Each structure stands twice: as C-alpha cells, then as structure tokens.
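> heads up, no residue letters with this:
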C-alpha cells in the first residue's frame, strides 16, 4: 500500500535498459542507493535541494536545484520516481551531444513553451550565481552581456527567442560547448 | 542524506546547464577510469612495517577517502618513496581490499571499536560494508551500544548517589538498593522474614490438628488456634501496610509507582485482610470470604523484590509472550480437534465417560501432556487409535516452543550476570587506573620541586654535586613553564592526594599540565619570564629552542613586561 514505489519491478528494469545507457546491474545498484536515501521510492523537491546543498555549501543552490528538479520530473507530479531519475541520469552522464543539448534546452525553458526567451536565460544565470553565493557582479552587465551575446549568436531569425533547433545548431557551432559536453559525464 | 560521493553524478547533471552560459571554457573533466596501464604506477604503502603495493588507480577509485585523495600525500615519506601509516596492519588489509574489490568486509574476530576507528581514520563510511558482513557488524554495534549505555546508566546512578538532599530520596534509595546502608539491609531482611512467615502461616493453618467436635471431618489448625493465626496475620499485614505506605511516600513519581507491578502485588497482598475485617462472617458472603483468603497466597510474589532470579523469570515470560501465545493457541486447536473426534468415536459406548465434547477436553489435555490419569479411557478401537495419535502429537506440540523460551531465559540471565560482573570489575579497574595516574602525576610534581630546590640552591651559591646534572633541556623548559604559570596565577602545583575511594581531593589548585602548551600565550609568558626571572644560562637555553620568541619580543611593548599583562593582551 504505502511503499508501492520502492520495489523495482522487472518490467521497469527492462524498460530502463532499453531506453537508457545503463546496464541492469548498474540500475539495480542505483536503485539500492536511491532507496537508502528515499525509502519510499520518491525524491521530493526538498530532498533534491538538500542534496544540492551538500555539494554546494557556500551559496544557495535552491533556485537552481528547483529548476533542475523540474527537468528531472518528467510527468510533473511533484516528485521524482526512480525511473525518471535513471532516465535523466542516463542523458546527463552518458547521453550523446544532441540528447544533452535537448536536456539543457528543457532546463532553460522554464515555462515549457518550446522557446527560450532572454528572461528565462537571465533567470538561469541568476540561479547559477546564487549557487556560488555572490550577486551577479557589481558590474551588472557581464551576465547580461553574456546572455545577449549567446542570443545574438544563436537566434537566427531574430525573433528574440530560441527554438530547440536554433539552440542546438548554435551550441554545436561553438567548439567549447561541444568539447565540454562531449567529454563531460562519467 | 547519505554518502555524498554516491550522489555526485546526480549533481554533475547541473553542469550541463552551466555549459552554454559559461564565460570561460570549463576545465576538462577528470581523466576517466580506463586509461592505459602505462600511465599507471604502483604505490608502496607501509603500514607499521608491513608493506602493501597497489596501483594508483585502485586507490583513486574512491576519491572521497583518505587514500584516494590528496590527503595521502601528508603521509608520504620522501626518502623511502612510500606512504607510511602508523596504524594496525591487520585491519588495513581489509581496507585495501575495499579499494580492490569495491566491497568492504568486517572481520568477525576484530574489536568493533578498533575497526570503526580505522575506518574513520581512512575516511570510509561504515555504510559501505558489504551485505555479507553488514548484519554481523550492525549486531555487534548494537551490543556495544547497549553495553556502553548500561555502563553509563550505572555511572549516572552512582553519581546520583552523591547528591541526595532530602529524606525522601534517601528513603527511596534505601528501598531500591538495600546494600547501601545497614538500616536498609535490616528493613530488607525483616520484610523478607515476614513474607515467609505469612506464607507459612497460610499453609499451616489448613493442616489438620485434631478432630472437629460433633462433626466428622478433621479440624484444621486455623480453626483450633484461631486467635494465634489472627494475631500473626495482623502483624504481617501491619508490616506490609507500613512498608507500602513508606514506599509510596518515598517514591519520586507516585503515579508511576502506583501503576508498577510490584505495588499492585503489594496491594493485592494486604487488601484481603482489610476487606475481611469489614465483612461480618455470615453465610451470604462466606463464599467471597473464602475467595479473599485465596488471594493471600499472592504474598509470595513479594519475594520477587528479594530475588533477582524471580524477576528474570517474570521478565522472560513477558518477553516470550509471543511464543507462549503460540503454544497456547496450538494446544487449544489440537485439544478441540481431538476432543471432537474422541467424542464421536466413543459416543455410542454404554456408560461412557465421554458425555460431551467439553467432557472430552479433560481427556485430551490429560493425554496430550502425557499425564494419563486413567479416569477416562476409550473403549472402541477407533477411540484407542485416536487416543494414541493424541498422546504422540501432544509431546511434539509442547516440545516446540520450549527451547525458544529457554534460550531467552538463558540469554537474559547471562546478560544480567555479565552486567553485574562488569560493574564490579569496572569500579576496581578505574580505581587502579586512578592510582597509577596519580602516582605518575605526583612523581612529576615532586621532580619539579626537586628541580626548583636545586635551582634555589644554585642561586644561593651552594655547591651542587655533579650527578644531578642529567636533567634534559626539555624537562628544564617544562618546569620553567609551569613555574611561570604558577607565578602568573599566584597558585601552586601541589601533589594530589588520592584516597582509596578513587576521588582525588584537589585543594583548590589547577591540575598539573600534561604537556607544554604551544600557544602564543605560553611563548609570550616564557620569553617574558626569561627576561625577568631567569639567570643568564636559562635565557640562552630559551633563546636556542624558541627562535620565534625573539621575533615576538620585539612586538611587545617595551614597558610593563610582567606576565599578567601579557596574558590579558593575548586574549
């Protein structure tokens, strides 16, 4: 009754092995670790934020963590089940460039309308700076400038918002981004 | 939440979000695990003389531990090109295996606390112990924790012994621990004696003492010596009532006391008497009167305050409630089944005893417990077969839960024995340790005094004999430091007297310092005193071994160089 999410069913494992880059053994191992911290099989936003706080003790990662939580939680039910967890982990640690870019796109697109606006990007930058524990520097223009530069580079049709295609093509054109995303992860 | 390292890939998901926005190129990720063997090198680890070799990669599998991170460089020995750890080599073997195989095992023959300490030193969480050994580890840990808690509880109990303020607490302590004072002991034995007397009186008053005049039956002693027994009963009940009221008065929590088992037994023991006083001896209530007398036998349970074995038995039964429940239930089931079958088998025999199923219950019980009174016996063949099966199965059903109960009792009993033994041993051990420490402390202080005496003799120009010159420079500096402290605080280090009860009496002075303090305060004091109260040769000695002092000296104000000023300034 209460703990229905805590058992790992075989069909879940099969789904996950086909859909992700993890092997069955790795999935089981992750499940064990997952259960240790989330005994009822669900990771809540609070728990998510707590984990991030442990990694980024200076500063306040809660805003960024909430945004990442939103991306992990595919069905938007307010908690991350083990399946969602493994899927997201597979993309972020072992996905190819396209998948990672798509994931980043979903991260930036806060309202999920398929477009990234400048404000959404400012939002992300703000959240990142909060994680470090500083205000976006006294020279307020630098993060703004950076976002503007990205937009100018990627926004081909100049409608002041980025679609997934524009984002993807724009990122692939920047060699640094490609290098960071292809070597990053496990 | 648990181990941070386990969630690292999870947090690295965040990095994907940072990449497009990064103002500078992100640093390259750490080199992945499967690099070429040519890059790898063997590391030599020397643990208290035993050498272990392993690949660097193996250690770096777990970067959040001491061996896997840069912290191990602290232990690197340049000359021998190895990492030296002054720890237990036997336990280190397991730790290294963790790096090699990924599973941490717990050796059953090692002491849990030493193992825990090694794990803590090497930065490994006990949670990574593999499933094969985890149960064992947890059990031992729990046992240890219980043991420590026991000791702590008893320690607290002993502490409380000192701070009794009022008569209530004293009385309660006397009741709970009779061996603490002679009055308590006397009380303990007196109540025990009266319990025994009361129970014996109950027994003896039913013994036949002669012939009842005018009637056929024998005359019980209770009827014959009515007055004697009544007086005896009254005396016992008065003692018990007094005891109960005193306990009630002394109890720290009266409500809890009233609800406790022992007090209920006390009440049940004395109530029949008072109720009996109230009721007149007429026929209507004589049935109830007799029932009340039966309750008097519960006085025998008052002995459980006096006997630990009885308490343990009661506790065992309580803790085996589920096994006992199982026993009763399965017996009930078997009785009903067999009684029914017997009844229907024997129903048609002429003049049979098996008149109904409940009547057959008696037969079944007697047969299953292998008593076999023989007052009810089956006549038909079917009945005899069923009777045979009944007695065989009875043995089995009763024998099954008994070992569980017995093992429980044995465990609890031995635990109790061990707790008492440990308490006694601990006291003796602590006393011995205290004496040893105090004697070494006293030796140190006396040495210091001897050194001072020599110094005073030197200063006043008295000749020294040469063989007193073996004090090393460290001791001299140490003594000097203590003397500066004495001068500062205007106190003296004295020898501690250690009477046998183990508590040292401190005549209002600070305890001797075990090691010289390496703080700026002490250096400040030292060099200030060097300037003031030392003859030249000590100043040179101080200067040689404390090079920092001269630098610090220049920072101090030239004026008031007395120790007290410096102490304040440093704070």
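That came through fine. Everything quoted here is computed from the prediction, not taken from an experiment.
> The closest residue to residue B:347 other than its chain neighbours: neighbour count?
Excluding its sequence neighbours, the residue lying closest to residue B:347 (C-beta to C-beta, 6 or more residues apart in numbering or on different chains) is residue B:354, at 6.9 Å. In short, each C-beta sits where N, CA and C put it, glycine included. Counted with other C-beta atoms under 10 Å in any protein chain shown, the neighbours of residue B:354 add up to 22.
> wait, doesn't residue B:354 sit right on residue B:361?
No - the pair residue B:354 / residue B:361 is not scored as a contact, 10.3 Å apart, by C-beta atoms under 8 Å.
> Could you say which helix or strand holds the residue of chain B found nearest chain A?
Residue of chain B nearest chain A, by C-beta to the nearest C-beta: residue B:13 (3.8 Å). For residue B:13, the element it lies in under DSSP states H and E is helix B:8-18.
> Partner strands of the next helix or strand after that helix and their direction?
Sequence order places strand B:42-47 as the next helix or strand after helix B:8-18, per DSSP H and E. The strands beside strand B:42-47 in its sheet (DSSP bridges) come out as strand B:50-55 (antiparallel), strand B:82-85 (parallel).
> The residue of chain B closest to chain A and residue A:88 touch, don't they?
Yes - using C-beta under 8 Å, residue B:13 is in contact with residue A:88, at 6.5 Å.
> Against which helices or strands is the helix or strand where residue B:450 lies packed?
Applying DSSP H and E as the criterion places residue B:450 in helix B:402-459. Contacts defined by 3 or more C-beta pairs under 8 Å, 6 or more residues apart in numbering or on different chains; DSSP states H and E place helix B:402-459 against helix B:131-162, helix B:308-319, helix B:321-346, helix B:473-489.
> ok, back up a step: now the residue nearest to residue B:347, what are its backbone angles?
Dihedral pair for residue B:354: phi -80, psi 70, per degrees, to the nearest 10.
> now swap in residue A:80 and tell me
phi -100, psi 120.
> what does residue B:307 give?
The phi/psi pair for residue B:307 (degrees, to the nearest 10) is phi -120, psi 120.
> follow-up on the earlier one: pLDDT score for the residue nearest to residue B:347?
At residue B:354, the model reports a pLDDT of 90.
> ditto for residue B:364
At residue B:364, the pLDDT recorded in the model is 94.
> cool, residue A:4 as well?
On pLDDT, residue A:4 comes in at 59.
> again with residue B:442
69.
> what does residue B:47 give?
With respect to pLDDT, residue B:47 scores 91.
> swap in the one 10 residues further on?
Predicted confidence (pLDDT) at residue B:57: the value is 85.
> That one touches residue B:40, doesn't it?
Yes - using C-beta under 8 Å, residue B:57 is in contact with residue B:40, at 5.3 Å.
> related to what we said a few turns ago, what sits in contact with each of residue B:13 and residue A:88?
residue A:72 (C-beta atoms under 8 Å, 6 or more residues apart in numbering or on different chains).
> between the helix or strand where residue A:90 lies and helix B:8-18, how big is the angle?
Using DSSP H and E, the secondary-structure element containing residue A:90 is helix A:82-94. Computed with axes from the mean of the first three to the mean of the last three C-alpha atoms, to 10 degrees, the direction of helix A:82-94 lies at 60 degrees from that of helix B:8-18.
> So which elements touch helix A:82-94?
Helix A:82-94 is packed against helix A:10-19, helix A:24-37, helix A:62-72, helix A:97-108, helix B:8-18, with contacts defined by 3+ C-beta pairs under 8 Å, 6+ apart.
> closest one to residue B:245 among these?
For these, proximity to residue B:245 was assessed by C-beta to C-beta; helix A:24-37 is nearest, at 56.0 Å.
> I'd like the next helix or strand past that closest one.
Counting by DSSP H and E, the element after helix A:24-37 in chain order, helix or strand, is strand A:42-44.
> Can you point out the buried residues in the helix or strand just after that following strand?
Counting by DSSP H and E, the next helix or strand C-terminal to strand A:42-44 is helix A:45-55. Buried residues in helix A:45-55, counting neighbours by 16 or more other C-beta atoms under 10 Å in any protein chain shown, are found at A:45, A:47, A:48, A:49, A:51, A:52, A:53, A:55.
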